[in-house]
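**Student:** okay, sequence plus prediction incoming.
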Amino acid sequence: MSSVTPAIESEENSDALPDQTLIHIEKLNAWYGDFQAIHDLSLEIPKHKVTAFIGPSGCGKSTLLKWINRMNDVVPGARAKGRLAISGDASNDHAEINVLDPGLDVVGLRRKVGIVFQKPNPFPKSIYDNVAFGPRLHMKTSKSELDELVEWSLQKAAVWDEVKDRLHGPALGLSGGQQQRLCIARAIAVGPEVLLMDEPCSALDPSSTLAIEDLIFELRTQYTIVIVTHNMQQASRCSDKTAFFFEGKLIEAGPTEQLFTRPQQKQTDDYVRGKFG
Ligand SMILES: Nc1ncnc2c1ncn2[C@@H]1O[C@H](COP(=O)(O)OP(=O)(O)OP(=O)(O)O)[C@@H](O)[C@H]1O
């Protein structure tokens, strides 16, 4: 493996590891203009696990997700207060990141915290150029190192076998499920620690959805993953921890199996049983 291939600390079974918090959210409040979308929210997001955000439409799931890599910076009138921090990591050579620090290098943050959206959004370029885009922007790589990194990323995103013979063909010629895996390859090519996924399967058919869910579960040995989903089965299939939101507040968070089978709050129970939302 060359020096450009993103460093992977450990590929051991993350189930065997005790929870270690990577993202610390404390008393977070967020607004769009005068409207408060998040109220006093505290949540710990464990390292190398999948955390699912669930809750009815408009409860603040995407708002919280988008503060984690400051995507909300581009929304006029969006602001947030409270603590949102990413633990320091000696192997990745960074001290604790205070995400809401107005002076933060947001481009650097987004290298560490990648995002995959609802609808696959490859660039109208070749498959190769989609994955090479970030590394070309951020890293000094030779042609052979770039080739290696593109292959590595496509392998990790479980799409290499399907695209290896058409790397210079158009990304937009791929199926929806392949495009979404390409977008995941593009996100991991710059070596993030965290992958945010905002309903990544909502535009996909059931078999592509299962492929992405399997991939999410695989990737968590190396990345910390946060997924917003409306699909209860998806949350229970591929997450370790689930957080239930309602009207901008965190109602309950805990191990996924516990939250779905023995929720502590009636609102959670009603929601997971499909009584509302
Ligand atoms: N750009 C914006 N400007 C103003 N209000 C917004 C904006 N984006 C979201 N909101 C409001 O903030 C609240 C939370 O929205 P958010 O998108 O975070 O909810 P969500 O739980 O992700 O919903 P969904 O499941 O429908 O995606 C909603 O009332 C929404 O209308």
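**Tutor:** Right, received. Where do you want to start? Given the structure is predicted, the values throughout are model-derived calculations rather than measurements.
**Student:** shouldn't Thr209 be in contact with Glu199?
**Tutor:** No - the criterion here is C-beta atoms under 8 Å, and Thr209 misses it with Glu199 at 10.8 Å. C-betas here are computed from N, CA, C, even on glycine.
**Student:** beyond the lowest-mean-pLDDT helix or strand in the chain, next helix or strand please.
**Tutor:** When each helix and strand of the chain is scored by mean pLDDT, DSSP states H and E, helix 206-219 comes last, with a mean of 89. The first helix or strand that comes after helix 206-219 along the chain, using DSSP states H and E, is strand 224-228.
**Student:** direction included, what does that following strand pair against?
**Tutor:** Sheet pairing of strand 224-228 (DSSP bridges) gives strand 50-54 (parallel), strand 194-198 (parallel).
**Student:** is the spatially most central residue of the chain bridged to anything, and to what?
**Tutor:** By C-alpha atoms, centre = their mean, the chain has its centre lying nearest to Leu196, at 1.6 Å. Here Leu196 sits in beta bridges with Ile115, Val226, as judged by DSSP bridges.
**Student:** anything in the helix or strand harbouring Ile251 near the ligand?
**Tutor:** Element membership for Ile251, per DSSP H and E: strand 249-255. No - using C-beta under 6 Å from any ligand atom, strand 249-255 never reaches the ligand; the gap is at least 11.5 Å.
**Student:** that strand packs against which elements?
**Tutor:** Using 3 or more C-beta pairs under 8 Å, 6 or more residues apart in numbering; DSSP states H and E as the contact test, the elements touching strand 249-255 are strand 35-46, strand 241-246, helix 266-272.
**Student:** for the shortest one, what is the distance to the chain centroid?
**Tutor:** By that I understand strand 241-246. 15 Å (C-alpha atoms, centre = their mean, to the nearest Å).
**Student:** same deal with the last one?
**Tutor:** In terms of C-alpha atoms, centre = their mean, the centre of helix 266-272 is set 25 Å apart from its chain centre.
**Student:** now it: buried residues?
**Tutor:** Within helix 266-272, the residues that count as buried by 16 or more other C-beta atoms under 10 Å are Gln267, Thr268, Asp269, Tyr271, Val272.
**Student:** kindly export it (C-alpha atoms) in CSV.
**Tutor:** Extracted in CSV, the C-alpha atoms of helix 266-272 (Å, rounded to 0.1, in the frame of the first residue of the first chain):
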residue,chain,number,x,y,z
LYS,A,266,-43.4,6.1,24.9
GLN,A,267,-42.9,8.4,21.9
THR,A,268,-40.0,6.2,20.7
ASP,A,269,-42.2,3.1,21.2
ASP,A,270,-45.1,4.7,19.2
TYR,A,271,-42.7,5.8,16.4
VAL,A,272,-40.9,2.5,16.0
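**Student:** all set now, cheers.
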